[in-house]
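>>> Please work out how this folds:
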Amino acid sequence: MKKKAAAEGAAEGDKPVLAVTCGDPCGVGPEIVLRAAAEERATKAARLVVLGSEKHLRQTARELKIRWPFANVVGDVPCSRRWERPVLLDLGGCCEQWLPGKISASAGKAAVDAIERAVALALDERVAGIVTAPIHKEALSLAGCSDPGHTEMLERLSGARKVGMLFWTPEMAVGLLTTHMSLRDAMKKIRCSRIAEMLGLFHDQWQRFFATVPHIAVAALNPHAGEGGRFGHEEIQEILPAIEKVREHGLRVDGPIPADSVFAMAREGRFDLVLALYHDQATIPVKLVSRQKSVNVTVGLPFVRTSVDHGTAMDIAGKGVASADSLVAAIRLAARLCLGPRPA
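Got it, this is the predicted structure:
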């Protein structure tokens, strides 16, 4: 990815500039952003521009006794790429209405505003990539946003032709065929053409980021991969034909492999990537093995985007107990991806 910001960062110590959004201000986003911005593991990897409300972040830092991590509060991304400590791009907002754990339209709007600003910066090549803290779907809806989540919003704002959700952990990587929708609706999307398209996307994006040809496994939908049609016909009618189709184009794809086995096989190193068929089929094994260090990557965008693998955690917001580990991992992975192809 030959972005100006990425190139400048690489020229000055391999540190790309990343925009970091605070997510829903009533969730754990602000506190984990403050902690991550103070983490040497994050600041050594990238130059960080945090997008959020100065007043709200100062209040959060004061109440939770978190060290203020910012060198300056700015109105735009600094022209110089030589700063070391993070800077805060103040977006203002009605922070008097933002209470920890309380869902509100105002908080949803603040989250959307930050995402829109970050995308604009990335498309204008002012930053090399975006790292996002979690947003709340209900708050988005209250704010008038029809997108069900980050992935769909970023696809719309960037004008990308096709995007995908990928969960990256030190042990394995898992791509999703379907994302934020009911299980009933996800079942309707398990079609040969869609599976083949997503396999092609993840194959191409893996090569883009890591410059290697991935070995991909496709998870089965039904128990025992359908047992020859006894437990369902999706494997025979939709999944296997898609695999055979992409193999004809040179992709290394195996499956369908029973879901109760394929993730363990990937963790053992037998596959680079697993294609899961619906959201929780992917996230359950990822969260079991990751210990808060997995990262959500949106592939197919014209810029790098990573995120935490968890939600707003409204039940613990404002209590000072939220871990920033996933956000730090997201910053480090985003920096790595911005610097161009390297071995996985």
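>>> per-residue confidence for the residue of the chain positioned farthest from its centre?
Centroid-distance maximum for the chain: residue 230 at 37.0 Å, with Cα atoms, centre = their mean. If you check residue 230, the pLDDT there is 87.
>>> separation between it and residue 244?
21 Å (Cβ to Cβ, to the nearest Å). Placement of C-beta: from N, CA and C, glycine included.
>>> count of neighbours near residue 95?
The local packing of residue 95 (other Cβ atoms under 10 Å) involves 21 other residues.
>>> same check, this time on the one 10 residues further on
Other residues near residue 105 number 17, with proximity taken as other Cβ under 10 Å.
>>> wait, it sits on residue 140?
No - taking contacts as Cβ atoms under 8 Å, residue 105 lies outside contact range of residue 140: 9.3 Å.
>>> Can you pull out the residues in contact with the helix or strand containing residue 287?
Per DSSP states H and E: residue 287 is located in helix 279-290. Under the criterion Cβ atoms under 8 Å, 6 or more residues apart in numbering, residues 167, 169-172, 174-176, 178-181, 183, 186, 219, 259, 263, 267, 274, 276, 294, 309 lie in contact with helix 279-290.
>>> can you give me the strands for the chain?
Applying DSSP state E to the chain gives strands spanning 17-21, 47-52, 72-74, 87-90, 129-132, 164-168, 173-176, 215-219, 252-257, 273-276, 295-299, 304-308.
>>> can you list those in JSON lines and add distance to residue 318 and mean pLDDT?
Output for the strands of the chain, formatted as JSON lines (distance: least, Cβ to Cβ, whole Å; pLDDT from 0 to 100):
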{"stretch": "strand 17-21", "distance to residue 318": "19", "mean pLDDT": "97"}
{"stretch": "strand 47-52", "distance to residue 318": "15", "mean pLDDT": "96"}
{"stretch": "strand 72-74", "distance to residue 318": "22", "mean pLDDT": "90"}
{"stretch": "strand 87-90", "distance to residue 318": "20", "mean pLDDT": "95"}
{"stretch": "strand 129-132", "distance to residue 318": "20", "mean pLDDT": "97"}
{"stretch": "strand 164-168", "distance to residue 318": "27", "mean pLDDT": "94"}
{"stretch": "strand 173-176", "distance to residue 318": "31", "mean pLDDT": "96"}
{"stretch": "strand 215-219", "distance to residue 318": "38", "mean pLDDT": "98"}
{"stretch": "strand 252-257", "distance to residue 318": "43", "mean pLDDT": "96"}
{"stretch": "strand 273-276", "distance to residue 318": "33", "mean pLDDT": "98"}
{"stretch": "strand 295-299", "distance to residue 318": "23", "mean pLDDT": "94"}
{"stretch": "strand 304-308", "distance to residue 318": "17", "mean pLDDT": "96"}
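>>> With mean neighbour count as new columns, can the ones you listed be given to me in CSV?
Below are the strands of the chain laid out as CSV (neighbours: other Cβ atoms under 10 Å):
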stretch, mean neighbour count
strand 17-21, 29
strand 47-52, 27
strand 72-74, 13
strand 87-90, 22
strand 129-132, 28
strand 164-168, 24
strand 173-176, 25
strand 215-219, 24
strand 252-257, 20
strand 273-276, 26
strand 295-299, 25
strand 304-308, 28
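>>> Output these in CSV; the columns should cover distance to residue 33.
Below are the strands of the chain laid out as CSV (distance: least, Cβ to Cβ, whole Å):
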stretch, distance to residue 33
strand 17-21, 6
strand 47-52, 6
strand 72-74, 14
strand 87-90, 10
strand 129-132, 9
strand 164-168, 20
strand 173-176, 25
strand 215-219, 33
strand 252-257, 38
strand 273-276, 29
strand 295-299, 15
strand 304-308, 10
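>>> Please identify which of those strands is closest to residue 235.
Taking Cβ to Cβ, strand 252-257 is the member of the strands of the chain nearest to residue 235, at 4.8 Å.
>>> quick one, the closest one and strand 215-219 angle?
Orientation check (axes from the mean of the first three to the mean of the last three Cα atoms, to 10 degrees): strand 252-257 against strand 215-219 gives 20 degrees.
>>> elements contacting strand 252-257?
When contacts are defined as 3 or more Cβ pairs under 8 Å, 6 or more residues apart in numbering; DSSP states H and E, strand 252-257 sits against strand 215-219, helix 240-247.
>>> would you list those in CSV and tack on distance to residue 19?
Converted to CSV, the helices and strands packed on strand 252-257 look like this (distance: least, Cβ to Cβ, whole Å):
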stretch, distance to residue 19
strand 215-219, 31
helix 240-247, 34
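>>> Which of these sits closest to residue 338?
strand 215-219 (23.9 Å).
>>> Name the surrounding residues that touch that closest one.
Outside strand 215-219, the residues that reach it (Cβ under 8 Å, 6+ apart) are 195, 199, 202-203, 239, 242-243, 251-259, 262-263, 265-266, 270-277, 281.
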